Structure formats: structure tokens, C-alpha cells
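> Need a 3D model of the sequence below.
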Amino acid sequence: MAKDFILPDIGEGIVECEVVEWLVQEGDTVSEDQPICDVMTDKALVQIPAVHDGVISKLYYLKGEIAKVHAPLFAMDVAGESISNEVVQEPVQAENKTNDAADVVEDFILPDIGEGIVECEIVDWLVAEGDEIEEDQAVCDVMTDKALVQIPAKYTGTVQKLYYQKGEIAKVHSPLFQMTIAGSAAKPNVDINQAVVKAQTNAVVEKTAPVVKTQQATKIINQKAVASPAVRRKARELDVDLTCVPGSGKNGRIYKQDIEEFVKGEVPNTIDTSQLNSDASQSAVQNQTQNQSGGVRVEQIKGIKAAMAKQMVASVSTIPHFTFSDEIDLTQLIALRSSLKEQYKAQGVKLTMMPFFVKALSLAMKEYPVLNSKVNDECSELTYYNDHNIGIAVDSKIGLLVPNIKSCQSKSIVDVANDLTRLTHSAREGRVAPDDLKGGTISISNIGAIGGTIATPIINKPEVAIVALGKLQHLPRFDESGQVVSKAIMQVSWSGDHRVIDGGTIARFNNLWKSYLENPSAMMMAMS
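Now for the predicted structure:
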């Protein structure tokens, strides 16, 4: 089946390029990653490779012509695509030409979704083949090694094909799905499509005829038969009644493998329908599975978790960590925050303790700029940063994320609080903007929100320090008169890069940071 190769983004701000040389001709057989042509942008000469094995069917430009980014560059017959698919297309195309000569079926090319991101995992499709969608409607969720990203539609139209299944890896700059653009597309004749599909699958139906006969006598199991259009098409191909197929998905949803197992006869035909349709029976089946002993479950480490694992190994194996711990008396700070909390809440500001920690950290770094530096891999250069981009580790549903609040040195505590609320909410949903994850200079990990007092945090390389906040405890301490009083105490644990920071530096820096937190009035004066 002929498939257009869409010219991808080939440089920031590049919208067109000149075709310098075609390295293949129409009719040539090419393999994946084989160079197809050289194109010249206003910045460099770029070689465009093939993304599939197949045969070149058409070159859309001549040598010397200007090609547009995100437009078809050439077409090719992809190897392995079923010939019968071409038979399906012919009647559809003929019908479309009769109804509307301006039909447009376009592949949606997965765009750049983050710096250095070349692939992502399909977490969930929010539409199915055959669905009508609106411009900017969310089509699918994809997971990169940095965040969960939602991909929107560029046009209003109808989804024709999803090129990947849930859990598969999609490549950036490759087709993600295909759609017919509204206003220029005639809907295919369903009867013709069904007839062609049946003609294609006659051999399969004949082989499975004995099983199908058995299925006809099977009781109805799924009255609603929840299934996607692709699954329903599969059922039509095999002449299977979906109401007789037990679904393995949530709420009895039927997948392709459920149909395949049913056709093979691996599913008992004497299943009690009332048991499968009740929530109680589903819970019983789940409990039975959970109670089985001796089983194992293998789960791939990918996405955010894989990126975190790689980052932590790189940090521990290349940075000589040392830890410094101390306790901070937050009694006065808690009283100040309590007196201001309701006032700012009425203004829509969520004033937690963290903005004070962040601002105090920024004030202390003005006196000790080495804490706001980064060292190169060879440890031959130390770069100091004017902006205090303070990262906050967030335990999100997709793994550990560390978005950072930009330019804390020039922001008020209220500004920091608003940024913190926005970033924390985005991180917990796994939808942090790439810019919010880049450029951090130092990090805070609030382990105390979950529990624990002392930790040895791992430095977020290439930063040189990180602090872990323990849980807040009311503990007995002596006041100036020697009397035992209750104080709000928090343990803090610093990890430093011993190539850059020594124990004396971290101790003096911590003392200044601690003084701002224990005496909020001193912090306010330092901000003036």
C-alpha cells in the first residue's frame, strides 16, 4: 500500500528546504534507514532516511525544487503491508471520487514533544478508529522519559487508522494516526468495506467454521459487548458474535486477543453468564488470581522510571556524595504562616510551608553562590548561575518528577507559592511542561510529607547539592530559662558534591538558611 513520507522538522524554525539530490529513483527498492535524498536548509545539508522497507512509488519534487516541512516528500509501497489492503482502498477511493473530488486523508506526524525525545510509549488512546474528532481534541496520552504528554488533533475530521496499539513505542516524526479532514472527505461505503473484508477472510472463516458453529450455541455472556471498532471489525472478519466472547478488560471490555482465544476454543463454552456480568463475580475472580501462590509478574522499567534509574546511577557513580544533617526550629515560622494562611487563601493563594523554604534557600545562596553552580563531567570547570531555579521533587503517579521554580531570587513568597501550586498540580498529573523540568540549579525533596526524619538524598546531576526535609515533630526542648517547652522541630539532610563543596561550606550555608527559617523577621528584612 502506498504511503506518503512526510518531511519532518529538520531544524528549529525551518519550514522549507531545497531538494539537492535524490539518492533513489521511482521503482527502487529501499530498506529502513537508507538515505533517500539530500536537502539543504538555510543552516545545513541534511540527509533524509527511509522509515520503512519498501519500493519508492513517487517522488513529489524534482532536484532543485523547494520542499515544505510537514508535507509529503515521496511515496512508497511499504513492505509487509497486505496487498488486500489495496483492494479495500480501490472501491473506497472510487466511491470518494464520485462523492467529492477533493478528499484529503492525512497522516498525523508525531511532533517534537521535548528536547532530545525521539520516541514515546502509547499510554492510552482517547479515540478509536471511526470516531469523529474536533480540532485540538485530545487524541492520545503518550509517555516520554520526562512526562506524560497529551497529543491533540490538528484538524476536525474522522479517525481512519491508529498506527500503534496501547503500550507500543511510537517514533517522533513518524505517523501516529491517520484521519480524514472534515469538509473535504466523503465517508466510505460501509457495505462495500464489509463485503471486501468478508471476501478477504473467507479462507479464515472456513478454517474456523467448526468453532463458529459451537459459538452459535454458546450463551450470551456480554449483553453490551464493549469493544473498539478495530475489535468489532476483527469479530466480523471471523464471523464471531461478540456477545458470546468474555472480555478480559475493565468492565468486560473485549480485546483482539479475547476473540483469538475464543476462536481457538481456549475459552470454555459453558460459562455462567450471570457470574461474568456481575461485579461480585469479577471481584471473586480477581481475588482468586491474587491468592494463587508461586506466581511471578515481570514489568518493564520504562518512561519516567527508566530515566530516573539512569539519572540516579549516573549521579551516584560519578559524584562523591557527603551528607550533613541538622534540625530546625520552625515554631515561629508556623505561627507566621498560620496568621497569614486564611488571608491569602481568600486571594486564591495556597500558602504552605514550602514557599518559605524555597525563598530562604534563595536568600542563602546569594551569600554562598557555589551552592547554585554546576560542574562539568571532567570536573575541570565550575559554572555559576545568576538565576536560582529551585527544583521540587514530586512523587507523581508516573514516577519521580523534579520541576523547578524559575528565578526565585527575584520573586516574592507569594509568587513562589503560586508557581509551586501550579507545578505540583501538573507534576502529580504527570503533565509537566518540558521547560519546567529543564534548567534546575538545586533541589528540595520533601520526604517528610510521607514520613521519615533523616535521609541521604541523591544529587540531581549536574547540580552540586540537594536537601531532604524530614517530617515535622513537636519535641521537648529547653528555652533560654532552662525550661522544657514544646518546639516544632524538623530534621533536614543535605547531600553535597564533595568535589565542589566541603563540610565547612555546607555547614555555614545551612546555618544561614536555618536562621532565616527560625527567624522569619530576618528573612523579611533580607528580602527588602
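> Going by C-alpha atoms from here, please, whenever you check contacts or count neighbours.
Noted.
> How about the secondary structure of residue 342?
helix (DSSP: H, G, I helix; E, B strand; the rest coil).
> For burial, what's the neighbour tally of it?
Residues lying near residue 342 (other Cα atoms under 10 Å) number 14.
> quick one, what contacts it?
Residue 342 makes contact with no residue under the criterion Cα atoms under 8 Å, 6 or more residues apart in numbering.
> just checking, residue 159 touches residue 131?
Yes - between residue 159 and residue 131 there is a contact at 5.5 Å, judged by Cα atoms under 8 Å.
> who's more crowded, these two?
Between residue 159 and residue 131, residue 159 has the larger neighbour count (other Cα under 10 Å), namely 23 against 13.
> Is it correct that the more buried one falls within a strand?
Yes - with three-state DSSP as the criterion, residue 159 is assigned to a strand.
> what's it in contact with, if anything?
Per Cα under 8 Å, 6+ apart, neighbours of residue 159: 127, 128, 129, 130, 131, 132, 133, 177, 178, 179, 180.
> Look up how far residue 123 lies from the fourth one.
Residue 130 sits 20 Å away from residue 123, taking Cα to Cα, to the nearest Å as the criterion.
> what about the nearest residue to residue 153 once chain neighbours are set aside, distance to residue 149?
Distance criterion Cα to Cα, 6 or more residues apart in numbering; nearest residue to residue 153, sequence neighbours excluded, is residue 136 at 4.8 Å. Noted for residue 136: a distance of 14 Å to residue 149, by Cα to Cα.
> And these two? Which one has more around it.
A count of neighbours by other Cα under 10 Å puts residue 149 above the other of residue 136 and residue 149, at 21 against 12.
> Local confidence estimate at the residue nearest to the more buried one when sequence neighbours are not counted?
Ranked by Cα to Cα, 6+ apart and with sequence neighbours excluded, the top spatial neighbour of residue 149 is residue 142, at 5.3 Å. With respect to pLDDT, residue 142 has a value of 86.
> Next up, the contacts around residue 142.
By Cα under 8 Å, 6+ apart, the contact set of residue 142 is 120, 121, 122, 123, 124, 148, 149, 150, 151.
> Of the residues you listed, which belong to strands?
120, 121, 122, 123, 124, 148, 149, 150, 151 (DSSP state E).
> In CSV, list those residues along with pLDDT.
As requested, the ones in strands among the contacts of residue 142 are arranged in CSV below (pLDDT from 0 to 100):
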residue, pLDDT
120, 86
121, 86
122, 89
123, 86
124, 88
148, 78
149, 82
150, 84
151, 88
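> And those residues, which of them are buried?
120, 121, 122, 123, 148, 149, 150, 151 (16 or more other Cα atoms under 10 Å).
> For the closest residue to residue 71 other than its chain neighbours, name its beta-bridge partners.
Residue nearest to residue 71 in three dimensions, not counting chain neighbours: residue 6, with 5.2 Å by Cα to Cα, 6+ apart. According to DSSP bridges, the partner residues bridging residue 6 are residue 72.
> what about residue 6, neighbour count?
Neighbours of residue 6 under the rule other Cα under 10 Å: 21.
> How much space separates it from residue 106?
Plainly put, residue 6 is 10 Å away from residue 106 if you go by Cα to Cα.
> so what's residue 30 bridging to?
Beta-bridge partners, per DSSP bridges, of residue 30: residue 54.
> pLDDT score for it?
pLDDT, residue 30: 90.
> so what's it up against?
Neighbouring residues of residue 30 by Cα under 8 Å, 6+ apart: 50, 53, 54, 55, 56.
> Would you list the buried entries among these?
Of the contacts of residue 30, these count as buried by 16+ other Cα under 10 Å: 50, 53, 54, 55, 56.
> of all the residues you listed, which comes closest to residue 488?
residue 50 (63.7 Å; Cα to Cα).
> which stretches of this protein have low pLDDT?
Applying pLDDT under 70 to the chain flags residues 1, 11-13, 42-44, 81-103, 115-116, 146, 183-230, 233, 250-251, 266-292.
> So in that sheet, which strands flank the helix or strand in which the residue nearest to residue 149 is found, and in what orientation?
If you go by DSSP states H and E, residue 142 is part of strand 138-143. With DSSP bridges as the test, strand 138-143 is paired with strand 119-125 (antiparallel), strand 148-152 (antiparallel).
> any chance of the ones you listed in CSV, plus distance to residue 379?
Converted to CSV, these look like this (distance: least, Cα to Cα, whole Å):
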stretch, distance to residue 379
strand 119-125, 32
strand 148-152, 34
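> burial measure for the nearest residue to residue 354 once chain neighbours are set aside, as a count.
Excluding the flanking residues, the one nearest residue 354 by Cα to Cα, 6+ apart is residue 417, at 7.8 Å. Residue 417 has 23 neighbours, counted by other Cα under 10 Å.
> where's residue 417 relative to residue 337, distance?
Using Cα to Cα, we find residue 417 at a distance of 12 Å from residue 337.
> Between those two, which contacts overlap?
Joint contacts of residue 417 and residue 337 (Cα under 8 Å, 6+ apart) are 351, 352.
> quick revisit: these two touch, right, the residue nearest to residue 71 and residue 67?
No - using Cα under 8 Å, residue 6 and residue 67 do not qualify as a contacting pair, with a distance of 10.4 Å.
> Which residues are in contact with each of those two?
residue 73.
> from the buried ones among the ones in strands among the contacts of residue 142, which single one is nearest residue 447?
Of those, the one sitting nearest to residue 447 (Cα to Cα) turns out to be residue 148, at 23.0 Å.
> Now do the contacts for that closest one.
Here residue 148 is in contact with 141, 142, 398, 430, 431, 432 (criterion: Cα under 8 Å, 6+ apart).
> try 6 Å
Neighbour list for residue 148: 142, 430, 431 [criterion: Cα atoms under 6 Å, 6 or more residues apart in numbering].
> What of residue 463?
Contacts for residue 463 (Cα under 6 Å, 6+ apart) come out as 374, 441, 442.
> Would you reformat those as JSON lines and include distance to residue 61 and neighbour count?
Putting the contacts of residue 463 into JSON lines (distance: Cα to Cα, whole Å; neighbours: other Cα atoms under 10 Å) gives the following:
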{"residue": "374", "distance to residue 61": "48", "neighbour count": "22"}
{"residue": "441", "distance to residue 61": "48", "neighbour count": "27"}
{"residue": "442", "distance to residue 61": "51", "neighbour count": "27"}
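> Next step: those restricted to strands.
374, 442.
> For residue 346, see how far away the closest residue to residue 461 other than its chain neighbours is.
Of all residues not flanking residue 461 in the chain, residue 315 sits nearest, at 5.6 Å (Cα to Cα, 6+ apart). Distance of residue 315 to residue 346, given as Cα to Cα: 43 Å.
> Which one's more surrounded, those two?
Neighbour totals were compared for residue 315 and residue 346, and residue 315 leads with 19 against 9 (other Cα under 10 Å).
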